[in-house]
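# build me a model from this:
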Amino acid sequence: MPSPFLEIVELANGKVALRRSDEEGEPLVVIEFSRDAREYLQESYIEVAKAMISAGMQAAGQMMDEDDGDDEVIPESRVLH
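Numbers count the residues shown, from 1 in each chain. The predicted model follows:
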């Protein structure tokens, strides 16, 4: 059974990843900052990545809470922002 605990780590290639704490396999989420973004954020890029992951998890939780069981068909051409 996978671990219920998640961790945010910096990978060897500089990307920031969310993964289960007991696994070395593929991460659940990977965030990659461009060189310009990394230079602008300096050492704060880890904190920004943490905030991005946290916001994404909160949004996913809200979407799951709002799901009333309808099987709404979402068109493939829908633009996500």
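
# for stretch 19-39, which residues meet the burial criterion?
Residues of stretch 19-39 classed as buried by neighbour count (16 or more other C-beta atoms under 10 Å): 19, 27, 31, 33. C-beta here means a position set from N, CA and C on the backbone, and glycine is covered the same way.

# low-confidence ranges in this protein?
Applying pLDDT under 70 to the chain flags the ranges 1-2, 67-74, 79-81.

# which residues of it fall in strands?
Applying DSSP state E to the chain gives strands spanning 6-10, 16-20, 29-31.

# off-centre distance for the last one?
Read that as strand 29-31. How far strand 29-31 lies from its chain's middle: 5 Å, per C-alpha atoms, centre = their mean, to the nearest Å.

# what sits up against that strand?
11, 15, 16, 17, 18, 49, 52, 53, 56 (C-beta atoms under 8 Å, 6 or more residues apart in numbering).

# longest helix anywhere in this structure?
Ranked by residue count under DSSP state H, the longest helix found in the chain is helix 45-66.

# who are the packing partners of that helix?
strand 6-10, strand 16-20, strand 29-31, helix 35-41 (3 or more C-beta pairs under 8 Å, 6 or more residues apart in numbering; DSSP states H and E).
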